[in-house]
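**Q** I would like to see how this sequence folds:
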Amino acid sequence: MQELTYDTNIEATIISSLIYSPALLDKYIEKINKKLFFLPLHLKIIEVILKLHQSEKIIDEEIIRNKIGKEYENELIYIISKNPINYLEDYIEILQDYSIKRDMQSLAFNITKSLQSNTSGLELQAKVNTLTEAMSSSSQVELLEINNIENIEDKEVEFICKSWLPIPIRTVSLVTAPGGTGKSWFVLQLAIRAIQEATIKKAFLWLSEDPKEISKNRFNKVFDKVLKLTDNSIKSKIDISDSPTIQFLYDDQRRVEVSPLLSHFKAKLQEYDLIVLDPLIAFYGTDENNNSSARRFMQLFTDWANKENKTIIFIHHSTKNTTQSRGASAFVDAVRTVYELDKIKDKEGNVQESNKRVVKLTKDNYGISHILESFSVERELFPRVVKFEETSYNTDMPSFGIPNDF
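**A** I've put the predicted structure just below:
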């Protein structure tokens, strides 16, 4: 089976995005070049776009049509019909990979052709070295970003909810707890507080384990009875979902693959700077105890958080009879902050009825313990103390009390 070395749909989507939003070129100009594109028409169009950008002229559909010729009008209409996106990073990386594969195919062809001629071994070796060096020098793959220390802006670590439970921005954090502890109540209050203090403009919570009506019920209790707020503008800046989750890393015929839907997910959530995903395991589709896979999964999100200025929080189940993170240690290793939630207990270990929870800071890379002046604090999560009784969801649920299906 021949290895795929191009994707014309991705090429068309990038071109469409640049036509609709020419400002994207300012962001991606160092990565976008003709070498990425396979289809001759796409090469022609991207060349026009790059020349227009270089000469600071308007990038417009009509101008492009006149430059490439009206005989390509139907093809251009098809390209423009592609849904434009604002996040091109992942698509560019895919095309860069295909470009390298095409170079390798060309190199293999030249080697085979030389072997069938009278070329000597030394001449062939020199030719291969020349071609390999040319490929390396022309490659646009960004292996790493290098900055001189003098040119880097000096910044202190910033937090959301600094006066409550600090979460570092532009990073991935982890919140773990046993079932029934109140994780969703915790993150709903966190999102409300983050919006209230104006460090976050908009928050998205994918609370996949509860119907959205239940989450709304809990949100209202936190808003009205725990925080006692009246500013309803906060509500317009918090969105939730109870949709079935997407496994962004999954097993495919003995290989672990990254879902192509991840790039679409990033594009859809571009407007949000606080993202809560509950539970972690619902987005992770391979061996939970495999450190290599767990590290790869977490790296997808730490890169996203850093590059796109996102604050991402994963909610994760704990191991049985503990508050510690379940599965591979790489889940914890990859994040900068870990909070563990637990019920309040007496000296004998008996659970006490309370509207509060113990929150333990078990990983602290940014000095949060100095802000809290402790590694363990109590925080109010629920409206008031009630007895735990078995409840089931219905729309007539009264606005008081704590359902036990946390």
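**Q** the residue most distant from the middle of the chain, which is it?
**A** What lies farthest from the middle of the chain is N118; by CA atoms, centre = their mean that is 53.5 Å.
**Q** secondary structure of it: a helix, I assume?
**A** No. Counting by DSSP: H, G, I helix; E, B strand; the rest coil, N118 is not part of a helix but coil.
**Q** against A108, how distant is it?
**A** In this view, N118 and A108 are 20 Å apart by CB to CB, to the nearest Å. Just so you know, the C-beta spots here come from the backbone N, C-alpha and C atoms, and that holds for glycine as well.
**Q** report the separation between I312 and V187.
**A** With CB to CB as the criterion, I312 and V187 are 12 Å apart.
**Q** next one: T181
**A** Applying CB to CB to T181 and V187 gives a distance of 12 Å.
**Q** likewise for S99?
**A** 41 Å.
**Q** who's in contact with the residue nearest to K67 when sequence neighbours are not counted?
**A** Spatially, and ignoring its direct neighbours in sequence, K67 is nearest to V48 (4.5 Å; CB to CB, 6 or more residues apart in numbering). Counting by CB atoms under 8 Å, 6 or more residues apart in numbering, V48 makes contact with I63, I64, K67, I68.
**Q** go again with 10 Å.
**A** I59, I63, I64, R65, N66, K67, I68 (CB atoms under 10 Å, 6 or more residues apart in numbering).
**Q** is it true that the first one touches S21?
**A** Yes. The pair formed by I59 and S21 meets the contact definition of CB atoms under 10 Å, at 9.5 Å.
**Q** pick out whichever of these two has more residues nearby.
**A** I59 (19 against 15; other CB atoms under 10 Å).
**Q** and that one, helix, strand or coil?
**A** coil.
**Q** distance check, it against N83.
**A** Remark: distance between I59 and N83 (CB to CB) = 18 Å.
**Q** how about the helices in this structure?
**A** 8-20, 24-28, 40-54, 61-68, 73-80, 89-115, 121-138, 183-196, 212-221, 261-268, 291-308, 330-333, 368-372 (DSSP state H).
**Q** in the chain, which helix or strand is least confident?
**A** helix 121-138 (a mean of 69; mean pLDDT, DSSP states H and E).
**Q** sorry, back to before: for the contacts of V48, which one is nearest A328?
**A** Using CB to CB, the shortest approach to A328 within the contacts of V48 belongs to I59, at 46.1 Å.
**Q** do I have it right that D60 meets P22?
**A** Yes. Checked against CB under 10 Å, the pair D60 and P22 is within contact range at 8.7 Å.
**Q** any shared contact partners between the two?
**A** What both D60 and P22 touch, as defined by CB under 10 Å, 6+ apart, is the set L52.
**Q** more crowded one of those two?
**A** Legend: neighbour count by other CB under 10 Å for D60 and P22, higher for P22 (16 against 12).
**Q** next up, the contacts around the more buried one.
**A** Residues in contact with P22 (CB under 10 Å, 6+ apart) are I49, L52, H53, K57, I58, I59, D60.
**Q** do the same with K345
**A** V351, Q352, S354, V358.
**Q** tell me how this structure divides into domains.
**A** 8-138, 159-380 (automatic domain parsing).
**Q** surely N309 touches R170?
**A** Yes. Applying CB under 10 Å, one finds N309 in contact with R170, separated by 5.6 Å.
**Q** which residues do these two both contact?
**A** With CB under 10 Å, 6+ apart as the test, N309 and R170 both reach D273.
**Q** the more surrounded of these two?
**A** Using other CB under 10 Å as the criterion, N309 and R170 rank with R170 on top: 18 against 10.
**Q** now the top strand by length along the chain: average pLDDT?
**A** Determined from DSSP state E, the single longest strand within the chain is strand 356-364. Strand 356-364 shows a mean pLDDT of 95.
**Q** just give the number of residues close to E11.
**A** Using other CB under 10 Å, the number of residues around E11 comes to 25.
**Q** that one contacts P40, doesn't it?
**A** No. Look at E11 against P40 with CB under 10 Å: they stay out of range, at 11.1 Å.
**Q** gap between the closest residue to K216 other than its chain neighbours and F204?
**A** Leaving aside its chain neighbours, K216 sits nearest to I240 (7.7 Å; criterion: CB to CB, 6+ apart). Distance from I240 to F204, counting by CB to CB: 7 Å.
**Q** before we move on, what about R102?
**A** 38 Å.
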